[in-house]
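Peer 1: Fold the stuff below for me.
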Amino acid sequence: MALLPFMRKKDSVTTASADLEAFLQGYSIEVMPRTAEKVENFRDLLPAGTRVYIAHIDGTPIEDMVATAARLRDEGFDPMPHFPARIIKDAATLEDWVNRYSSEAGVNQGLILAGGVDQPVGEFHSSMQLLETGIFDRAGFKRLHVAGHPEGNRDIDPDGSDKNVMDALRWKQKFSETTDAKIAMATQFCFEAQPVIEWANALKAAGVDIPIHIGIAGPAKLQTLIKFAIACGVGSSLRVLQKRAMDVTKLVLPYEPNDILEELAAHKAANPDFNIEQVHFFPLGGIKTNAEWAIKNGGDAATPVNQA
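Peer 2: Residues are numbered from 1 along each chain as shown. Model prediction:
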């Protein structure tokens, strides 16, 4: 296999540790139909078989979502579309979406979440309601992911506690024991490792042992990250970015997630039972930038189209 210009060789000097290289194996990444349109061929960027989440933003036609999933499948990837409860009108609409994804794009997995809109368009307002329909199980979906919030979620717990979030996770834990689908938790991105470690350990202590796919913001301009972090309700770990913004020597440099990932990777290596299973990237600085960073730091390499 030919090496891409940005791929490090195994014997090259690299700043990535062996722990980080192991931690990055099998990472997933997220796109939207409009960002996917800008990528000529995903095989130039991502390892074959990468799970690619497709974010469903309110107003995106289901036809665009399904077409993006079909394209990703055709190019050798594993599409996982979002199913946001609050933009799905009713059970008939949900079943139609599931059937379209299955028949037209070979999809058998999804990220089930409430969705980032204030007012539901129909009868659903939570991911649990979607799961309760049984539609995913009847369609033979093999993997169902749910949302996780290492720093809490003010939309779910306006008082700043984690009561409602924990009640929901306990429900999902019980659901994971009754469905044939594999359940995992894909989290919001954050910027500090120690609170993530404490949160993951607290979940396990509370009897929630759903595997965690930790959300990580990919390399991006600092201003871009701060904007997205505030919009997405990132909690106290935002201070990492704010501190960086006050350092004039770093202000103009792009943020890279080495620090948080190196610390999580080292913890995972020292504690193999730690329930973070893999990394999920939010490519806020662009999918190409994120993919190049992942390969440089030990993630699997893409196969150029002319070498596939």
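Peer 1: Give me the buried positions along stretch 65-77.
Peer 2: By neighbour count with 16 or more other Cβ atoms under 10 Å, stretch 65-77 contains the buried residues M65, V66, A67, T68, A69, A70, R71, L72, R73, E75, F77. For every residue, glycine as well, the C-beta is placed using N, CA and C.
Peer 1: And for stretch 87-97?
Peer 2: Quick answer for stretch 87-97 (16+ other Cβ under 10 Å): I87, I88, A91, T93, L94, W97.
Peer 1: Could you pull up the contacting residues of the fifth one?
Peer 2: Contacts of L94 were listed using Cβ atoms under 8 Å, 6 or more residues apart in numbering, and they are F83, I88, F124, L130, T133, I135.
Peer 1: picking up where we left off before, with secondary structure and pLDDT as new columns, can the buried residues of stretch 65-77 be given to me in TSV?
Peer 2: Shown next, in TSV, are the buried residues of stretch 65-77 (DSSP: H, G, I helix; E, B strand; the rest coil; pLDDT from 0 to 100):
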residue	secondary structure	pLDDT
M65	helix	98
V66	helix	98
A67	helix	98
T68	helix	98
A69	helix	98
A70	helix	98
R71	helix	98
L72	helix	98
R73	helix	98
E75	coil	97
F77	coil	98
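Peer 1: Is it possible to get a markdown table of those that adds distance to K221?
Peer 2: Output for the buried residues of stretch 65-77, formatted as a markdown table (distance: Cβ to Cβ, whole Å):
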| residue | distance to K221 |
| --- | --- |
| M65 | 28 |
| V66 | 32 |
| A67 | 30 |
| T68 | 26 |
| A69 | 29 |
| A70 | 32 |
| R71 | 28 |
| L72 | 27 |
| R73 | 32 |
| E75 | 28 |
| F77 | 27 |
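Peer 1: what two of those residues have the greatest distance between them?
Peer 2: The distance between the two most remote of those (Cβ to Cβ) is 16.2 Å, for M65 and E75.
Peer 1: from the contacts of L94, which is closest to A265?
Peer 2: Closest to A265 out of those is F83 (30.5 Å), distances taken as Cβ to Cβ.
Peer 1: tell me the centre residue of the protein?
Peer 2: The chain has H280 as the residue nearest its centroid, 4.0 Å off, counting by Cα atoms, centre = their mean.
Peer 1: is it true that it touches H213?
Peer 2: Yes - between H280 and H213 there is a contact under Cβ atoms under 8 Å: 4.5 Å.
Peer 1: Okay, now the unreliable bits of the protein?
Peer 2: 1-15, 152-155, 157-161, 228-253, 301-308 (pLDDT under 70).
Peer 1: Could you pull out the helices in it for me?
Peer 2: 18-24, 33-36, 62-74, 91-105, 127-132, 135-138, 163-176, 193-205, 222-231, 238-245, 258-270, 287-296 (DSSP state H).
Peer 1: related to what we said a few turns ago, tell me the one of the contacts of L94 nearest G49?
Peer 2: F83 (22.0 Å).
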